[in-house]
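Participant: The amino acid sequence is not available; the structure is as follows:
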């Protein structure tokens, strides 16, 4: 399963998720509205997302494995 989220600090978020090997910043956003639209569309494609994430400037994805945290 894939995970998608938004953050203002991709380095910190990657570490908090357990440093997934396929971690990727997919998009950089100039406006929160654009970021939330990307997130909503990505989740509609079957990605899992998390509550409590802060920020919106970067959209990222990774594969959920036993070694990662959601």
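Facilitator: That came through, no problem. Just so it is clear, the model here is predicted, and its values are computed rather than measured.
Participant: Run through the chain and note the low-pLDDT ranges.
Facilitator: Per-residue confidence for the chain (pLDDT under 70) gives these ranges: 51-53.
Participant: show me the biggest helix of it in terms of residues.
Facilitator: Of all the segments assigned as helix in the chain under DSSP state H, the longest by residue count is helix 32-44.
Participant: Give me the buried stretch members for the helix or strand just after it, please.
Facilitator: Per DSSP states H and E, helix 32-44 leads on to strand 58-63 as the next helix or strand towards the C-terminus. By neighbour count, and taking 16 or more other C-beta atoms under 10 Å as the criterion, the buried residues in strand 58-63 are 58, 59, 60, 61, 62. Heads up, the C-betas are built off the backbone N, CA and C, glycines and all.
Participant: got the angle for strand 58-63 vs helix 32-44?
Facilitator: 20 degrees (axes from the mean of the first three to the mean of the last three C-alpha atoms, to 10 degrees).
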